[in-house]
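**Q** Any chance you can model this:
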Amino acid sequence: MTIREIASIIGTLQGNGNDSIKWLITDSRTLSFPEETLFFALKTKRNDGHRYIGELIAKGVRNFVVENLPEEKIGCNFVVVKNSLDALQKLVAHHRQQFNIPVIGITGSNGKTIVKEWLAQMIHDERKTVRSPRSYNSQIGVPLSVWQLDSDTQTAIFEAGISQPGEMTKLEKIIKPTIGIFTNIGEAHQENFVSMKEKCLEKLKLFCNSETVIYSIDNKLIDICVEQSELHNKKFTWGKSSNADMQITDISSNADGTDITIFYHKEKNTFHIPFSDAASIENAIHCIAAMILMKFDITYIQNATRNLQPVAMRLEVKRGVNNCTIINDSYNSDFSSLSIALDFLQQQNINKNRKRTVILSDIEQSGLGNAELYGNIAHLLKNKGVTRIIGIGSEISSQKKEFEKFDNAFFGTTNEFLQSNAKFVNEAILLKGARKFQFENISRTLEFILHQTTLEVNLTALIENFNYFKSRLKPETKIVSMVKANAYGSGSNEVSIALQQNKCDFLAVAVADEGAELRSEGITMPILVMNPEKHSFPLLFEHHLEPEIYSFELLEDFITEAERQGMTDYPIHIKVDTGMHRLGFMPDEADRLIARIKSQNNVKIRSVFSHLVGADSPKFDDFTEEQVTRFKAFSEKLTDAFEHKILRHILNSPGIERFPQYQFDMVRLGIGHYGMSAIGHTLRNVCSLKTTILQIKEVPANETVGYSRKGKLTRNSRTATIPVGYADGLNRKLGNGVGKVMINGKIAPIIGNICMDCAMVDITGIDAKAGDTVEIFGDNISIEKMAESIGTISYEILTGISKRVKRVYFQE
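**A** Now for the predicted structure:
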């Protein structure tokens, strides 16, 4: 489609209009093929895509959809529209109308992505299938997904998610599903709906023009809503009830998975899936129903369910050998997901001295000839700054000539690659492979730490929490993200990279070494050092780190060093003590401070700030107000005394929520990143400490477990030993029944004293085996409640996790 044709659909063209468009983007960081890309400049509460037009022009983009024409227009085409998001949706809705194929639309509170991916696995041997990349189910993600439709597509599968009324009607116009799947209804995104029923009815709007909608008749709310809608004569139900169109007569789970017996059209058939959890069973039945409706042969469906593969819901980032970083996306391999994974590689690897490497398997079911496919991939890798490619598989190996300009190597199988003992040093390595290539074996080989206990850090959740706090601020208010103490134990490098990518304004660390490490990883945003030490001043200047100055002694020392280094107007941040009585100038020292700063030109005040002592508790509100009064008096003296802008900030995470009227120019966000809210707002959990069961024992009553015989058993018990102890950060106070873990959805108390490297838990009555996952804290075991149980705070729990515990970072 040419830009002129696109303009005729959505707006007014400024330019020649002859360029051909293949790719649509809304995020400048995802650019791959500039010559064929159309950029939609979206305006949101937090950003404005028009700011990035100049940057994209410099990278070769020539086609834009805008709401306002920029000053620089030479050689470019602009389609002017009233609303860029509406234009994106209108264009793709028009694109969708060109295809008369089966399109499956999936919505629901949970399971959308799994059902989509499993259906794609089941169908792909028979039909060329297009599907939403990852969880692209939003107002932006859906049109970007549907744009993938081309003349070769035989079936499409798209998921749709909503968070407020009015959104689904827009998505329905874009997806136009012929078959609908409503997975389930739950509490997710309930905050903008007056009732669960209202949300259910909103979701059903996706299927208003569908031929059929699939759902479980056992889900009473969905069934009631369908019966009350115009869909009551389009339903295809499944469930245990004899009233279901497809009756589930038996579900039997064992060590190998689950057998699901279905009665349909007067026939009973059993389908085996290699999973036994309730969610997987529900997801699989939805897939079976859809396959039956699409008239696939029962034997084909049975073979497909038997071979269902786990779906990786995230991109994982791990520390690798020889100063490498491993990005693991090794469960599927197609062109769209490769492009997304490369964007993530590019965002994570901002250190220009670190080589970008991709280990890639054969790409499955692209619909293109191998020469064209791997030629496109080579072009994509080049545009993303990749310098080394390792190909695994017969098809990619046959096209090695396409990768001659890269440092390259090719292998027929994963085992051949592992046996080659290839060396990797100071590289960011993306693993991107189809499931059958078992790239998890490569990941295990390249990982630096193989301790079974891991701290999982959800970067997607962290940024969602960051954006929640940002939404409570004025657009002009800046944010300092606190990443001291290794980002509260979660890993300052990876967290800082994510924050920099999402337009955080400042970072703050405790000591200069932390800031220097961030600079070495490619962090370029301003970094404030809260506790600068005299011996570290040269490091501050070397890496352009900005010190907190809290006393005249420190100020004099720093001015002396700044003068010695030949510095002029070096930025400093003034701390005033308004009641914490930890560090800071006293309120009555403002005049003396102003006089000293004015007497020299080596340093310049960039900000003045203080710290609230009890912003999280209403009982201290009067003192909080007193602190703010003291801060205003001190800071106003400073700002009045100097001509340049001096930023002011006093609010911490709880202060942002409880005292937004005092946000001044900037705020400091710390524990709020990790899901802690002072007003009870539901935030995302970010950090999960997990391990595995080492061994299970049957221990008779009256025996004891652990040191000092503290774990006394009053019954015949089943115990599990887990490889996490106080050397890993598991506080000894959690022993003897105080602490609890979760295993396979059940709570298991810690018994006996916690050892240095191990702990024991009581799993009596829990179906568990060696190797099963154990959650110590995370989505199900609250770190806040854990901290309360031993009289401490979540900060201490997080920062106490040992360095020997492997950090695994992932993006949903």
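**Q** From the structure, what's the count of residues near the residue nearest to residue 371 when sequence neighbours are not counted?
**A** Closest residue to residue 371 in three dimensions, ignoring its sequence neighbours and counting by C-beta to C-beta, 6 or more residues apart in numbering: residue 399, at 6.5 Å. In short, each C-beta sits where N, CA and C put it, glycine included. A count of nearby residues for residue 399, using other C-beta atoms under 10 Å, gives 20.
**Q** Which single helix of this protein contains the most residues?
**A** Using DSSP state H, we find that the single longest helix of the chain is helix 621-641.
**Q** Tell me which residues are up against the very next helix or strand once past that helix.
**A** Moving toward the C-terminus from helix 621-641, the next helix or strand (DSSP states H and E) is strand 647-649. Applying C-beta atoms under 8 Å, 6 or more residues apart in numbering, the contact partners of strand 647-649 are 478, 480, 606-609, 631, 635, 639, 664-668.
**Q** Check the offset of strand 647-649 from the chain's centre.
**A** Centre-to-centre, strand 647-649 and its host chain are 30 Å apart (C-alpha atoms, centre = their mean, to the nearest Å).
**Q** I'd like the next helix or strand past that strand.
**A** That would be, after strand 647-649 and using DSSP H and E, helix 653-658.
**Q** can you give me the strands in the stretch 51-200 of the chain?
**A** Under the criterion DSSP state E, counting those that start in this stretch, the stretch 51-200 of the chain contains strands at 63-66, 77-80, 103-107, 129-131, 155-159, 179-182.
**Q** Could I get the contacting residues of residue 178?
**A** Contacts of residue 178 by C-beta under 8 Å, 6+ apart are 102-104, 210-212.
**Q** filter those residues to the buried ones?
**A** Buried residues within these, defined by neighbour count using 16 or more other C-beta atoms under 10 Å: 102-104, 210, 212.
**Q** would you list the residues you listed in a markdown table and tack on distance to residue 424?
**A** Shown next, in a markdown table, are these (distance: C-beta to C-beta, whole Å):
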| residue | distance to residue 424 |
| --- | --- |
| 102 | 44 |
| 103 | 42 |
| 104 | 40 |
| 210 | 49 |
| 212 | 50 |
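**Q** Could you work out the most separated pair of those residues?
**A** 103 and 212 (11.9 Å; C-beta to C-beta).
**Q** My understanding was that residue 488 contacts residue 675; is that so?
**A** No. Using C-beta atoms under 8 Å as the test, residue 488 is too far from residue 675 to be in contact (11.3 Å).
**Q** quick one, strands of the stretch 251-400 of the chain?
**A** Using DSSP E, counting those that start in this stretch, strands in the stretch 251-400 of the chain cover 257-264, 267-273, 315-319, 325-329, 355-361, 388-392.
**Q** Quick check: the spatially most central residue of the chain vs residue 314, distance?
**A** A centroid search over the chain (C-alpha atoms, centre = their mean) returns residue 460, at 2.1 Å, as the residue closest to the centre. Per C-beta to C-beta, to the nearest Å, residue 460 is found 8 Å from residue 314.
**Q** Between these two, which contacts overlap?
**A** 810-812.
**Q** List the contacts of residue 139.
**A** So residue 139 contacts 85, 89, 167, 170-171 (C-beta under 8 Å, 6+ apart).
**Q** hmm, 10 Å instead?
**A** By C-beta atoms under 10 Å, 6 or more residues apart in numbering, residue 139 lies in contact with 42, 85-86, 88-89, 160-163, 167, 170-171, 174.
**Q** Which of those residues sits closest to residue 433?
**A** residue 161 (27.5 Å).
**Q** Now do residue 138: how many residues are near it, please.
**A** Neighbours around residue 138, by other C-beta under 10 Å: 17.
**Q** Test my guess that it contacts residue 164.
**A** No. Taking contacts as C-beta atoms under 10 Å, residue 138 lies outside contact range of residue 164: 11.6 Å.
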